[in-house]
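[1] Curious how this folds, go ahead:
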Amino acid sequence: MSRIFFISCNTATDPYAVYPLGMAVVSGALIAAGHQVKQYDCLVHGRDKATLQAAVNSFDPDFIAISLRNIDNVDSFCGEDGWYLKNARDLVADLRTMSSVPILLGGPALTIMPETITDYVGVDHAVIGEGEQSVPALIAALEAGEQPGKIIGRRPPLAGHEFASPVYVDEMIAYYQRESDVINMQTKRGCPYQCSYCSYPHLEGQQFRVRDPRQVVSELQALKQKHGADSVFFTDSVFNDPKGYYLELVEEMLRSDLQVRWSAFFRPQNLDRKNLALMKRAGLYALELGTDAASDKTLKGINKRLTFDEIFAVNEACLAERLPAAHYVIFGGPGEDNDSLEEGLRNMEQLGASVVFAFSGIRIFPDSPLHPQAIAEGIISEDTSLLKPVYYFSKEIDRKHMEQRIIDSWAGKKNRVFPPSEGLKRIAVMRDFGYRGLMWDFLVRFPKEKKAASV
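    This is a model prediction of the structure:
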């Protein structure tokens with residue numbers, strides 16, 4: 001059996017520090033296979049070379065594995081400043097001076113463009129897709145003296161019961177509780193929707209693969225009892241799946257009386273007050289909504305398969321249940337023109353007390369349906385490198401005009417955030433005042449509830 005030094009190389013904390021769930025899950029699979037694992041988080045333990053050198057020397061690994069979460073921050077205002085791959089490459093270069101053992105790379109960012117990223121970062125082996133089985137198999141092959149190749153191809157998708165349980169680390173839990181109070185967990189993988197900009201179906205498959213609710217609740221109980229964590233974020237691509245598996249989990253959480261606060265990503269469709277109230281009783285305290293576009297025309301342009309009326313209905317249900325909701329909206333996508341922009345701004349006003357985060361342009365990824373569309377429209381060519389951020393902007397609207405209209409329309413409104421850097425400033429202020437968690441939920445101001453009249 002081997003000693004694996006596992007590194008989460010993410011150092012981004014915008015909009016908040018996020019627990020490295022991928023590393024925790026694959027570490028669980030490696031430990032179950034009999035290996036010794038040291039989890040090292042560059043945010044928690046430090047990225048400086050001396051600290052890393054001391055940790056590597058102390059553990060004396062047989063292999064080093066790196067988890068690569070994101071390529072960039074998908075914010076067109078940042079450009080290369082929000083690009084993370086150079087940091088990963090520098091990390092590998094530093095590790096080469098510390099140890100001669102093989103360096104492995106995995107994670108969702110790698111799976112988006114594996115060959116290009118593997119060559120750029122300069123690792124010995126890269127694992128595409130889910131790592132629970134692939135990484136232990138790669139380690140076993142290398143232990144046996146085999147030559148498995150540089151890039152390990154994707155295996156068939158795992159069933160929900162085959163997902164490894166994450167191994168959380170006390171000092172890492174303490175850091176993320178202190179910095180953001182957000183600990184990640186997953187209840188399902190996959191996404192059946194075909195939004196044109198999105199990589200989730202490519203990363204996780206086109207069908208939901210659901211974990212046993214009892215297993216999820218067991219992990220939540222252990223997270224609270226062993227590590228003192230009582231606030232989690234479910235990182236599913238969509239929490240509210242159309243078949244209602246999520247409600248089975250919610251019922252199990254209620255039966256177990258967990259007393260855990262939680263949030264998740266939701267699709268703003270088919271969410272009524274009854275189910276929102278049920279989830280609120282189970283600990284739901286805020287919803288992040290994948291609204292993605294602001295008008296019916298641009299929703300259709302990204303193949304969202306919902307209407308603004310549906311979005312508005314979900315928003316109204318959230319407000320009625322006094323649940324903070326944040327809409328993430330992209331302007332400038334396929335079909336955007338001056339008319340759809342103005343309609344979208346009017347629609348955003350209808351969302352009332354809820355928070356809206358707006359982005360300008362859509363980051364083009366090679367595994368998304370938007371990629372061939374951008375080529376066909378002449379926005380990029382087939383040879384355009386997408387390693388560094390490249391954004392889609394509709395040719396039917398002037399970008400500068402669009403961005404200025406959003407800024408002017410939302411001036412002075414604390415719950416309307418554009419550009420994204422403006423939200424980071426507000427969150428930084430709240431963090432300085434001691435707020436923890438998602439923090440955008442504090443931007444929602446519900447009207448005071450009326451007291452019942454005395455008889």
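[2] Quick one: neighbours of A320, just the number.
    Burial measure for A320: 12 neighbouring residues, criterion other CB atoms under 10 Å. C-beta: built from backbone N, CA, C; applies to glycine.
[3] nope, A222 is what I was after
    Residue crowding around A222 was assessed by other CB under 10 Å; the count is 14.
[4] Between the two ends of stretch 184-202, how far is it?
    For stretch 184-202, the first and last residues are 21 Å from each other (CA to CA, to the nearest Å).
[5] Return the set of buried residues in that stretch.
    Using 16 or more other CB atoms under 10 Å as the burial criterion, the residues of stretch 184-202 that qualify are 184-191, 193, 195-202.
[6] And for Q259, the neighbour number?
    Burial of Q259, expressed as a neighbour count using other CB under 10 Å, amounts to 10.
[7] Next, it: phi, psi?
    phi 60, psi 50 (degrees, to the nearest 10).
[8] pull the longest strand from the chain.
    strand 284-292 (DSSP state E).
[9] So what touches that strand?
    195, 197, 238, 261-268, 276, 299, 302, 304, 311, 314-315, 318, 323-330, 438, 440-441 (CB atoms under 8 Å, 6 or more residues apart in numbering).
[10] 6 Å instead, please
    Defining contact as CB atoms under 6 Å, 6 or more residues apart in numbering, one finds that strand 284-292 is touched by 261, 263, 265-268, 304, 311, 324-327, 329-330, 438, 441.
[11] Kindly report the same for stretch 380-388.
    Outside of stretch 380-388, the residues that reach it under the criterion CB under 6 Å, 6+ apart are 83, 116, 364, 366, 374-375.
[12] can you do 8 Å?
    By CB under 8 Å, 6+ apart, the list of residues contacting stretch 380-388 from outside reads 71-72, 80, 83, 85, 113, 116-117, 120, 364-366, 371, 374-375, 390.
[13] so which of these would you say is closest to Y168?
    Within the contacts of stretch 380-388, proximity to Y168 (CB to CB) peaks at I71, which comes in at 25.6 Å.
[14] Hmm, G82 and the closest one touching each other?
    No. Applying CB atoms under 8 Å as the test, I71 and G82 come out as separate, 9.6 Å apart.
[15] Looking at the two now, which is surrounded by more residues?
    Relative neighbour count places I71 above the other of I71 and G82, with 24 against 20, counting by other CB under 10 Å.
[16] Kindly confirm my reading that T118 is in a strand.
    No. Assigned with DSSP: H, G, I helix; E, B strand; the rest coil, T118 falls outside any strand and is helix.
[17] From S8, how far off is the spatially closest residue to E80 that is not a sequence neighbour?
    The spatially closest residue to E80, leaving aside those adjacent along the chain, is K388, at 6.1 Å (CB to CB, 6 or more residues apart in numbering). Relative to S8, K388 is positioned 22 Å away (CB to CB, to the nearest Å).
[18] Looking at these two, which has the bigger crowd around it?
    Set side by side, K388 and S8 show more neighbours around S8, with 25 against 13, by other CB under 10 Å.
[19] on contacts alone, who are the packing partners of the helix or strand K297 falls within?
    Using DSSP states H and E, K297 maps to helix 296-301. Here helix 296-301 touches helix 338-349, going by 3 or more CB pairs under 8 Å, 6 or more residues apart in numbering; DSSP states H and E.
[20] contacting residues around the helix it packs on?
    With CB under 8 Å, 6+ apart as the criterion, helix 338-349 contacts 293-295, 297-298, 308, 312, 327, 329, 331, 356, 358, 397, 401-402, 405-406, 409, 416.
[21] Which ones among those lie within strands?
    Within the contacts of helix 338-349, residues falling in strands by DSSP E are 327, 329, 331, 356, 358, 416.
[22] Which members of the residues you listed are classed as buried?
    If you count burial by 16+ other CB under 10 Å, the buried members of those come out as 327, 329, 331, 356, 358, 416.
[23] can you list residues touching both of I71 and G82?
    Here I71 and G82 have P389 as joint contacts, going by CB under 8 Å, 6+ apart.
[24] Tell me the buried residues in the helix-or-strand element of the chain with minimal mean pLDDT?
    The helix or strand of the chain with the poorest confidence is helix 420-432; it has a mean of 76 (mean pLDDT, DSSP states H and E). Going by neighbour count (16+ other CB under 10 Å), the buried part of helix 420-432 is 420, 422-424, 426-427.
[25] JSON lines please, covering the residues you listed and showing distance to K150.
    Below are the buried residues of helix 420-432 laid out as JSON lines (distance: CB to CB, whole Å):
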{"residue": "P420", "distance to K150": "36"}
{"residue": "E422", "distance to K150": "42"}
{"residue": "G423", "distance to K150": "40"}
{"residue": "L424", "distance to K150": "37"}
{"residue": "R426", "distance to K150": "44"}
{"residue": "I427", "distance to K150": "40"}
